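Undergrad: Sequence plus predicted model, see below.
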Amino acid sequence: MIVIAVDCMGGDHGPGVTLPACQRFLRRQPNASLLLAGQPEALAAFSHERASVVPASQVVGMEDSIEVALRKKKDSSMRVAIQQVKDGAAQAAVSAGNTGALMAVARYLLKTLEGIDRPAIATQLPNSRGGATTVLDLGANVDCTAEHLLQFAVMGSALVSVLNDDPLPTVGLLNIGEEAIKGGDEIKRAGELLRAAAKAGDLNFLGNIEGNDIFTGTADIAVCDGFVGNVALKTIEGLASMIVQFLREEYSRNLLTKLAGAVSYPVLAALKRRIDHRRYNGAALLGLRGLVFKSHGSADVVAFEQALRRAYDAASNDLLARVRARVTRAAPLLASSPLQTDIR
């Protein structure tokens, strides 16, 4: 039985979304149980034999600062959910709450793996091959050194090896061009480190890739700093929403377009499903000594259930142990360029 702790109060919608998503998840996954962290009065209506409430008196708001989340809301549903992972009561935690607060609280409680300086946020984005490209970092780290990007590549490889059952997923370094001479100094140095890792057999590094390669699936993993990754993510989400809205409007203009829409409905439905970002909700916070997954703050029931499924899959496939093993194997390489790290 896989146990997942859920921050039921976080996100834009709180229990209005998280509780129905939990019900759907439990119906579809008989080998899972849930620990629901939140204010008991808000969760009183929820009932399931494989779910129990863990009381939390406070809620981290979407506008709360990291300091507030860490110092002033020590009994928040977010913190209580992550505490279940630290205590061994749950194998993973899921929250749709404030990203910065979630990363700070998770890092404070769980600490980072040996050899990892900064955790990264990783998720999958759809590509034209019918699969998905894993991109990291998506916003946890705005300014990254070459060593950080190498760490992200190592952790991303572990994640994709679990998701795709592929021991050697391909890695690309997101850049402004494919040539090794392109990009700033840190990007160039990151390329050197990644090529060294490939030579040592620690990574399957393809070289530099460009933004369009995320969609074409040139590499299984796209590595970048958090600023670039977050902009890419939000752009893709916005584009997907625009396409769906455009098709809806175009095929409802008049009788002729309605007929055309009816004829092409199977194709349009497949396209809509392919680009539906809710199917890819649930980003892993990699590099921690525990599994934590971030759901989009505005997630609906379908999207939040997907985040729960991602956490379940990660726990049942022992993602944490695989990441730890990859990091341990790459330890000599990661230690070859010492970092001025934060105290864990």
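TA: The structure has been received and is ready for your questions. These figures come from a predicted structure and were not determined experimentally.
Undergrad: what's the longest helix anywhere in the chain packed up against?
TA: Looking across the chain with DSSP state H, the single longest helix is helix 226-250. Helices and strands touching helix 226-250, by 3 or more C-beta pairs under 8 Å, 6 or more residues apart in numbering; DSSP states H and E, are strand 120-126, strand 132-136, strand 170-174, helix 255-263, helix 265-275. In this view, the C-beta of every residue, glycine as well, is placed from N, C-alpha and C.
Undergrad: do that again at 10 Å, thanks
TA: Here helix 226-250 touches strand 120-126, strand 132-136, helix 146-163, strand 170-174, helix 212-216, strand 221-223, helix 255-263, helix 265-275, going by 3 or more C-beta pairs under 10 Å, 6 or more residues apart in numbering; DSSP states H and E.
Undergrad: where are the low-confidence patches of this protein?
TA: 244, 247, 250-251, 254-278, 333-344 (pLDDT under 70).
Undergrad: in it, which residue is closest to the centre?
TA: Ala283 (1.2 Å; C-alpha atoms, centre = their mean).
Undergrad: That residue contacts Ala122, doesn't it?
TA: Yes: assessed by C-beta atoms under 10 Å, Ala283 is found in contact with Ala122 at 6.1 Å.
Undergrad: Common neighbours of these two, please.
TA: Taking C-beta atoms under 10 Å, 6 or more residues apart in numbering as the criterion, Ala283 and Ala122 both touch 134-138, 140, 294.
Undergrad: I'd like the residues you listed written out as a markdown table, with distance to Pro167 and neighbour count added.
TA: A markdown table is the format used below for the shared contacts of Ala283 and Ala122 (distance: C-beta to C-beta, whole Å; neighbours: other C-beta atoms under 10 Å):
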| residue | distance to Pro167 | neighbour count |
| --- | --- | --- |
| Thr134 | 15 | 26 |
| Val135 | 20 | 26 |
| Leu136 | 19 | 30 |
| Asp137 | 23 | 30 |
| Leu138 | 24 | 25 |
| Ala140 | 26 | 28 |
| Lys294 | 26 | 29 |
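Undergrad: Just give me the closest of these to Ser65.
TA: Ala140 (16.0 Å; C-beta to C-beta).
Undergrad: ok, now which ones touch that closest one?
TA: Contacts of Ala140 by C-beta under 10 Å, 6+ apart are 99-100, 102-104, 107, 118-122, 152, 225-226, 229-230, 283, 285-287, 294.
Undergrad: Buried only: go through those residues for me.
TA: Neighbour-count burial (16 or more other C-beta atoms under 10 Å) applied to the contacts of Ala140 gives 99, 102-104, 107, 118-122, 152, 225-226, 229-230, 283, 285-287, 294.
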